[in-house]
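Participant: Got a sequence here, can you model it:
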Amino acid sequence: MAEQHGGMRRPANPAPVSGPGAMSQRTDGGPAKPMYVSGMPYGEGQDFMDLQSSAPLGAQAAKPRSKQGRSQGGASLPTPLFAPTQRPDEPVTAGAPFGPGGGPASDQPAMDQDMQTLKQYLPDLEIAASFRNAPSSFKMLVNYLRNA
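Facilitator: Residues are numbered from 1 along each chain as shown. Predicted coordinates for the structure are as follows:
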């Protein structure tokens with residue numbers, strides 16, 4: 001029973017996205033066929049069956065999802081840990097701030113502009129850093145801005 005209920009249910013028949021307002025439609029595939037659940041206290045199984053039967057049924061029940069959890073439609077699988085490299089000409093340190101290969105992209109002009117903006121607030125920040133209960137990390141930030 002746990003495999004048939006709960007979690008996301010992929011729509012079987014209707015569109016995956018509903019239209020707005022009066023054009024809206026169900027996107028969950030509609031209710032499934034009524035199912036009797038055994039092991040419930042006396043009389044509750046039949047009550048549960050009656051509750052399921054009281055709702056109008058959809059045209060077809062939603063298809064059960066595969067045990068893998070992902071659909072195979074166009075999604076690439078992750079590369080196994082010990083698989084051969086897919087980029088043999090790229091150095092291992094590509095993207096790192098050291099070694100051969102391109103380093104991390106930096107936006108130095110934007111950082112310089114941000115630093116100038118922060119420095120104009122430095123007098124107010126110094127006053128806030130002088131308070132008795134100001135965090136030491138904030139005091140270190142103000143000291144860094146003062147010396148930058």
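Participant: Where does the prediction get shaky in this structure?
Facilitator: Screening the chain residue by residue with the criterion pLDDT under 70, one finds the ranges 1-5, 9-16, 23, 25-32, 55-75, 105-108.
Participant: Give me the domain ranges for it.
Facilitator: In terms of domains, the chain is parsed into 10-17+25-59, 109-147 (source: automatic domain parsing).
Participant: For the last one, buried residues please.
Facilitator: Taking 16 or more other Cβ atoms under 10 Å as the neighbour-count basis, domain 109-147 is seen to contain the buried residues 125, 129, 139, 142, 145. C-beta coordinates here come from the backbone N, C-alpha and C atoms, glycine included.
Participant: how long is it end to end?
Facilitator: Taking Cα to Cα, to the nearest Å, the span from the opening residue of domain 109-147 to its closing residue is 19 Å.
Participant: what about the helices in the protein?
Facilitator: Along the chain, the stretches classed as helices by DSSP state H are 44-54, 108-120, 122-129, 136-147.
Participant: ok, now which ones touch the residue nearest to Gly101 when sequence neighbours are not counted?
Facilitator: Residue nearest to Gly101 in three dimensions, not counting chain neighbours: Ala94, with 3.1 Å by Cβ to Cβ, 6 or more residues apart in numbering. Residues near Ala94 by Cβ atoms under 8 Å, 6 or more residues apart in numbering: 100-102.
Participant: Good, we can wrap up now.
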